[in-house]
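A.B. asks: need a structure here:
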Amino acid sequence: MNPDDRFERTHRAGDALASLFASLAEVQVNRGRIAAAAPAAMRRLAEATYGHDNGQAQIVAACLASIYNGADARPVRLDQIRGLDWALQQDLIIVMLGTGHGEFPDTAIREAFEEVGGPAAVDWFHWYTTGGPHRAALTRIVTHIAANPTSATASALRATIQSLYNRRTPVDLRFFEDGEYGEDLALVVDGVIGRDRGVIGSTDIETAFEKANIPAALAQEAWPA
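C.D. replies: Down below sits the predicted model:
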């Protein structure tokens, strides 16, 4: 091999290695910058979320729970993030990228809620983002069934819960379109078979009936034989 060719190849290899090290150094610097910005971004997200019940707060809370709790959190669709205000999108991306880097562990998400509202905010974050509202809606429905065993609404509600539980009993959901329990039922359906599928399981339904002291006859009607 010509010595000049060997020199040229060595020179090119050295340039490539230098470029690689420069790129890695730039990545490290960017990680550090994002991690440094994450605590303030997380604080803003906690303030925008805790104590609020609007759609944007729900999406942000669910995203944060997914980063913090992983599979235990409610599912989040990526297209929902596009609907957030630009400032919320920016802060959420910073937290997503910054978590686990620099001085920003995933526990900083919980700590931000604690700073904003104390232990109650931490409890709210966990409850709210792991199906708490869905289970609360289920409890209200079952409580109504127990208190009004002969009413048409209670009967329709019982049939619907039965259908969700055993997947065999057809129901007509149009009965609840303008009813008092339409919103609660929508949450329960969503938690069993809808977008938030999995946050309510058969055990949650059984527990709700047990806590409501449903009479044996009604309980037998609610469960499959």
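A.B. asks: what about the strands in this structure?
C.D. replies: Shown for the chain, no strands are assigned by DSSP state E.
A.B. asks: what about the chain, any weak spots by pLDDT?
C.D. replies: Along the chain, the parts satisfying pLDDT under 70 run over 1-30, 71-72, 168-169, 175, 177-178, 215-225.
A.B. asks: Got the domain ranges for it?
C.D. replies: For the chain, the structural domains run 7-130, 133-222, going by automatic domain parsing.
A.B. asks: Pipe the ones you listed into CSV and attach mean neighbour count per row.
C.D. replies: The way it works is simple: take the backbone N, C-alpha and C, and place the C-beta from them, glycine included. Putting these into CSV (neighbours: other Cβ atoms under 10 Å) gives the following:
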stretch, mean neighbour count
domain 7-130, 16
domain 133-222, 16
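A.B. asks: Contacts only, for the residue lying closest to residue 103 once chain neighbours are set aside.
C.D. replies: Using Cβ to Cβ, 6 or more residues apart in numbering and skipping residues adjacent in sequence, the residue nearest residue 103 is residue 35, 6.4 Å away. Contacts here follow Cβ atoms under 8 Å, 6 or more residues apart in numbering; on that basis residue 35 touches 98, 101, 102, 103, 104.
A.B. asks: farthest-separated two in these?
C.D. replies: Maximum pairwise distance in these, criterion Cβ to Cβ, is 9.5 Å, between 98 and 103.
A.B. asks: rewinding a little: can you list the contacts of residue 35 in JSON lines and add distance to residue 31?
C.D. replies: What follows is those, written out as JSON lines (distance: Cβ to Cβ, whole Å):
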{"residue": "98", "distance to residue 31": "8"}
{"residue": "101", "distance to residue 31": "5"}
{"residue": "102", "distance to residue 31": "7"}
{"residue": "103", "distance to residue 31": "11"}
{"residue": "104", "distance to residue 31": "10"}
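A.B. asks: where's residue 59 relative to residue 199, distance?
C.D. replies: Distance of residue 59 to residue 199, computed by Cβ to Cβ, to the nearest Å: 15 Å.
A.B. asks: Sorry, slip of the keys, the one I care about is residue 157.
C.D. replies: For residue 157 relative to residue 199 (Cβ to Cβ), the value is 19 Å.
A.B. asks: how about residue 98, what does it touch?
C.D. replies: 34, 35, 37, 38, 41, 104.
A.B. asks: Tell me which two of those sit farthest apart.
C.D. replies: 35 and 41 (10.5 Å).
A.B. asks: In helices, which of the contacts of residue 35 fall?
C.D. replies: Residues from the contacts of residue 35 lying in helices, with DSSP state H as the criterion: residue 98.
A.B. asks: Quick check: residue 138 touching residue 209?
C.D. replies: No - in terms of Cβ atoms under 8 Å, residue 138 does not count as a neighbour of residue 209; the distance is 9.6 Å.
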